[in-house]
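Chemist: kindly generate the corresponding structure for this input.
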Amino acid sequence: MERKRGTFLRLSLARRMICDFLAMSQPIPLAHGERRIDIRSLKAAVAAARPRPNWLPIFFKAYAVVAANRPALRRMFISRPWPRLYEHPENVGSVVVSRQLEGEEALFYLPISSPEKRGIMEIEALLKEARLKPLEEVPAFRRQLRLARLPGPVRRFAYRIGMNWMPRQRVKQLGTFGMSVLASMGIANISTWVPWTTMIHYTPFDENDSMHLRIAIDHRVLDGLEVAYALREMEEVLNSSILEEVKQLPTAKTKAA
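Modeler: Residues are numbered from 1 along each chain as shown. Model prediction:
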């Protein structure tokens with residue numbers, strides 16, 4: 001009987017992009033923190049709003065509010081020409097966006113400046129636009145595609161320079177923090193490699209209408225105590241200013257009136 005042979009496949013552009021993303025992230029020693037949060041009042045307000053906002057921009061803005069008041073969350077480790085920390089004066093949050101590229105799913109990251117100063121629905125509109133516009137019409141995605149099409153050695157050299165020597169350019173391209181979630185699909189990230197000092201993600205709601213809020217951190221920059229404060233303050237923001245903003249959105253009753 002003839003033995004079947006496997007087939008070698010060339011890395012697609014989408015796979016090259018994720019390989020480069022992980023190559024940037026791999027040197028970062030990540031630690032993880034988690035807090036169970038109770039946001040039942042916010043959940044009820046979201047359910048009543050029309051149109052109903054997605055959870056991602058809600059959590060994205062809540063973390064940005066916390067990071068705006070905690071400079072340590074806007075720092076990053078820079079290794080060249082000597083190890084030191086760089087602190088950016090404002091938030092630039094990045095959201096991982098999945099898009100079709102040459103017939104398969106590819107991951108892009110969309111930087112959004114000062115999200116704490118934007119409305120939840122404005123953030124949602126920016127994300128919707130990034131998911132629907134042609135890739136070449138989204139400036140961040142266009143830059144990422146342009147870089148991904150360069151030869152491998154050139155790409156890796158550019159990433160090393162950006163990550164280790166040019167913190168302002170690093171912020172422009174990647175942001176000061178990141179967010180990637182799959183809760184809407186009923187699953188949650190457990191751990192991953194990321195190129196940010198902090199990355200926020202969360203689990204789906206459980207049977208008690210609570211959820212787990214998680215954060216991955218670059219342990220060279222932050223310790224566990226800072227994580228504990230950040231997660232606690234994020235829950236407080238969700239149950240105060242974010243709740244009040246969602247309550248100001250139109251509801252089914254106000255539209256009927």
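
Chemist: quick one: the helices in the protein?
Modeler: Listed from the start of the chain, the chain has helices (DSSP state H) covering 13-25, 40-48, 55-69, 120-132, 139-148, 152-164, 167-174, 224-238, 241-247, 252-256.

Chemist: mean pLDDT lowest for which of the ones you listed?
Modeler: Here the lowest mean pLDDT among these goes to helix 252-256, at a mean of 61.

Chemist: closest to the centroid, which residue in the protein?
Modeler: When the chain is reduced to its mean C-alpha position, the nearest residue by Cα atoms, centre = their mean turns out to be Met179, at 1.7 Å.

Chemist: my guess is that residue contacts Ile200, does it?
Modeler: Yes - counting by Cβ atoms under 8 Å, Met179 touches Ile200, with 5.0 Å between them. Yep, even glycine has a C-beta here, placed from its N, CA and C like the rest.

Chemist: any common contacting residues for the two?
Modeler: With Cβ atoms under 8 Å, 6 or more residues apart in numbering applied, the overlap between the contact sets of Met179 and Ile200 consists of 59-60, 63.

Chemist: quick one: which of these is the most crowded by neighbours?
Modeler: The member of the shared contacts of Met179 and Ile200 surrounded by the most neighbours (other Cβ atoms under 10 Å) is Tyr63, with 28 neighbours in all.

Chemist: residue contacts, that residue?
Modeler: 93, 177, 179, 200, 230, 234.

Chemist: beta partners for the third one?
Modeler: Translated: Met179. Per DSSP bridges, the residues bridged to Met179 are Val95, Ile200.

Chemist: quick check: pLDDT value at it.
Modeler: Taken from the predicted model, the pLDDT recorded for Met179 is 93.

Chemist: measure it to Arg5 for me?
Modeler: As judged by Cβ to Cβ, to the nearest Å, Met179 and Arg5 stand 43 Å apart.

Chemist: equivalent analysis for the first one, please.
Modeler: Taking Cβ to Cβ as the measure, Gly93 falls 47 Å from Arg5.

Chemist: of these two, which one has the most company?
Modeler: Taking neighbours as other Cβ under 10 Å, Gly93 and Arg5 compare with Gly93 leading, 26 against 6.

Chemist: quick one, what contacts the residue nearest to that one when sequence neighbours are not counted?
Modeler: Nearest residue to Gly93 in three dimensions, chain neighbours excluded: Pro115, at 4.9 Å (Cβ to Cβ, 6 or more residues apart in numbering). Taking Cβ under 8 Å, 6+ apart as the criterion, Pro115 is in contact with 60-61, 64, 91, 93, 123.

Chemist: quick one: terminal-to-terminal distance for stretch 194-211?
Modeler: Between the opening and closing residues of stretch 194-211 lies a distance of 22 Å (Cα to Cα, to the nearest Å).
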